[in-house]
Every structure is written in structure tokens, then in C-alpha cells.
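In: Build the 3D model from these lines:
(one chain, ligands or ions: 1)
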Amino acid sequence: MSKKDNDSSSEIKQMSTLLLSGATMLADSCPDCKVPLFKKNENTFCPKCGRKAVYVSSDDEIREIEHAYSFSETRGMLQDILTGKLNFIAQKLAECEDYEEMKIILQIMDLLLNLTIKITRIK
Ligand SMILES: [Zn+2]
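Out: Residues are numbered from 1 along each chain as shown. From the prediction side, this is the model:
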């Protein structure tokens, strides 16, 4: 059996798993992988590359969506970093017994929290 046969049989296996899980196979296919797109819980996606599919009608719309997606990745990354720092600094606050140091920690916490709120607000 060649490599290609192996690939397509695992794809078929994956697709049947999706169908069994309640997903629907669509008539459209992924522009990159050429495999049929699936729809589950209002999400349309490619079972091969795992990317979400979005239907667009103009180039402007494509650019808009690409922009929104690239920002949502950045936002996710920033949120992870901020959460990590907040955990770190919360630990410092718990251990801290010096008022001056405590004040600095609280200021940093305030900045981190404000930034977290701001990020979630950006569309
Ligand atoms: Zn794909």
C-alpha cells in the first residue's frame, strides 16, 4: 500500500467518525485539501487541516475575515501570557510581607487586569 492510500483511508476513517458524531458532510470542499467540508454545531470546518471554513462573497470580506482571525490569534496569545503573569504575581502577593513591595505588586496586578479587560473589548 502506498503512502497516498494510507492517507486517504485515514481520512475516510476520520470522516466516518465525524458523521457518527453527528456532523454533516457538505457539498463544498476545502480549497487547500480538496476534501469535503463538515458542519457540526453551526461550525463549518475542514476535517483534514482542521481550519474553520467561512463563506465570503467579496475580496473585501476575505480581507476583513483574515484580519479578524489573525487578531483573534494574537488576542489568545496575549490572554495566555497575561493570565500566566497574573498567576505569578498573585503568588508573589500571597508570599509578600512588605507593604512597599505589596503596593508595587498591586499596581502591576491592576495594569495586567486592565490590559486583560481592554483586550477582550477590542473587536
Ligand atoms: Zn483543509
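In: Tabulate the CA atom coordinates of the helix-or-strand element of the chain with minimal mean pLDDT in PDB.
Out: Ranked by mean pLDDT, DSSP states H and E, the weakest helix or strand in the chain is helix 3-20, scoring a mean of 78. Extracted C-alpha coordinates of helix 3-20, given in PDB (Å, rounded to 0.1, in the frame of the first residue of the first chain):
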ATOM      1  CA  LYS A   3       1.600   6.400   1.400                       C
ATOM      2  CA  LYS A   4      -1.300   8.100  -0.500                       C
ATOM      3  CA  ASP A   5      -3.600   5.100   0.100                       C
ATOM      4  CA  ASN A   6      -2.800   5.200   3.800                       C
ATOM      5  CA  ASP A   7      -3.600   8.900   3.900                       C
ATOM      6  CA  SER A   8      -6.900   8.600   2.100                       C
ATOM      7  CA  SER A   9      -8.000   5.600   4.200                       C
ATOM      8  CA  SER A  10      -7.300   7.500   7.500                       C
ATOM      9  CA  GLU A  11      -9.200  10.500   6.000                       C
ATOM     10  CA  ILE A  12     -12.200   8.300   5.300                       C
ATOM     11  CA  LYS A  13     -12.000   6.900   8.800                       C
ATOM     12  CA  GLN A  14     -11.900  10.400  10.300                       C
ATOM     13  CA  MET A  15     -14.800  11.400   8.100                       C
ATOM     14  CA  SER A  16     -16.900   8.500   9.200                       C
ATOM     15  CA  THR A  17     -16.100   9.200  12.800                       C
ATOM     16  CA  LEU A  18     -17.300  12.800  12.200                       C
ATOM     17  CA  LEU A  19     -20.500  11.600  10.600                       C
ATOM     18  CA  LEU A  20     -21.200   9.200  13.500                       C
END
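In: how near is the residue sitting nearest the centre point of the chain to the ion?
Out: Taking Cα atoms, centre = their mean, the centroid of the chain lies closest to residue 73, which sits 6.1 Å from it. The gap separating residue 73 from the ion is 17 Å, by Cβ to the ion, to the nearest Å. (C-beta placed from N, C-alpha, C; glycine too.)
In: cool, and residue 112?
Out: Taking Cβ to the ion, one finds residue 112 at 37 Å from the ion.
In: so, in contact with the ion or not, the least confident helix or strand of the chain?
Out: No - if you take Cβ under 5 Å from the ion as the test, helix 3-20 misses the ion, and the best it gets is 10.6 Å.
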